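Q: 3D, please:
(one chain, ligands or ions: 1)
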Amino acid sequence: LRWPAEPVARWLTTVPLVGDAIDIGCGSGRHVRLLQDHTMSVRCCDISSDALNWTALATGVRGDVCDMTTLPYPDSSFDTAIAYGVFYYGTRRQHQKAVDELRRVLRPGGNAFIAERSSRDWRSRHINQSGVFRLPDHPEDGMKMDLLDHASLSALYRKFTKGNVEVTATTEATMTRPNLHWLVSVTK
Ligand SMILES: C[S@@+](CC[C@H](N)C(=O)[O-])C[C@H]1O[C@@H](n2cnc3c(N)ncnc32)[C@H](O)[C@@H]1O
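A: Below you'll find the predicted structure:
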């Protein structure tokens, strides 16, 4: 993915753009590049060293190998954080840990933007009892996926002082596969 997601660009216009920023699960670095236009210091991390290599090529930022459930940063390190399309890859327990880690590394008053997937997303039809998404030939086949209804979303983010949620729906021409996401904006 090369270009930033439009909701991320929009969210960045609503928060103070100062201090230190982190992109958790940065992938190929499309939002690292965007953050570089707005903040003095940008860091990023991902579980995939391939992803970090792509990010370094695209942005010059050498990211950190990380697991979202145990971030390699001290408490209160960042003013701004993004985790776009990352936290739902795993179990509910891992999901809660990732949200708690995000909160831990944010400074008081710091802001974060997270894209979560709704339990009404089309993929929910293909998640088995072990929480694994199964659809041969789909790029996410075999991945653990934790999709959220509104109550679960609220429970996961309950420790933040302020929160705002937007629902997005997109689909392809036949409308059989609605992509439904929660765009979560929170303040520590
Ligand atoms: C769908 S991609 C999104 C990438 C990027 N945030 C973007 O919007 O382009 C999900 C990313 O999360 C990373 N990821 C998956 N599980 C992770 C984990 N446990 N800890 C850190 N990163 C993880 C993947 O390697 C991948 O780069």
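
Q: residues touching residue 19, list them.
A: Contacts for residue 19 were tallied using CB atoms under 8 Å, 6 or more residues apart in numbering; they are 39-41, 78-80, 107. C-beta: built from backbone N, CA, C; applies to glycine.

Q: swap the cut-off to 7 Å and go again
A: By CB atoms under 7 Å, 6 or more residues apart in numbering, the residues touching residue 19 are 39, 79.

Q: where do the strands of this protein begin and end?
A: In the chain, the strands defined using DSSP state E lie at 20-24, 41-46, 64-65, 78-84, 106-117, 162-170, 179-187.

Q: packing partners of the fifth one?
A: What that stands for is strand 106-117. strand 78-84, strand 179-187 (3 or more CB pairs under 7 Å, 6 or more residues apart in numbering; DSSP states H and E).

Q: what about those strands, which gets the closest to residue 159?
A: Residue 159 lies closest to strand 179-187 among the helices and strands packed on strand 106-117, at 9.3 Å (CB to CB).

Q: and that closest one, which strands flank it?
A: Strand 179-187 pairs in its sheet with strand 106-117 (antiparallel), strand 162-170 (antiparallel), by DSSP bridges.

Q: convert it to CSV, retaining C-alpha atoms only.
A: Extracted as CSV, the C-alpha positions of strand 179-187 are listed here (Å, rounded to 0.1, in the frame of the first residue of the first chain):
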residue,chain,number,x,y,z
ASN,A,179,-16.0,-4.0,4.6
LEU,A,180,-17.1,-2.5,7.9
HIS,A,181,-14.6,-0.8,10.1
TRP,A,182,-14.6,1.3,13.3
LEU,A,183,-12.4,4.3,13.1
VAL,A,184,-11.4,5.0,16.7
SER,A,185,-9.9,8.3,17.9
VAL,A,186,-8.9,8.3,21.5
THR,A,187,-7.0,10.6,24.0
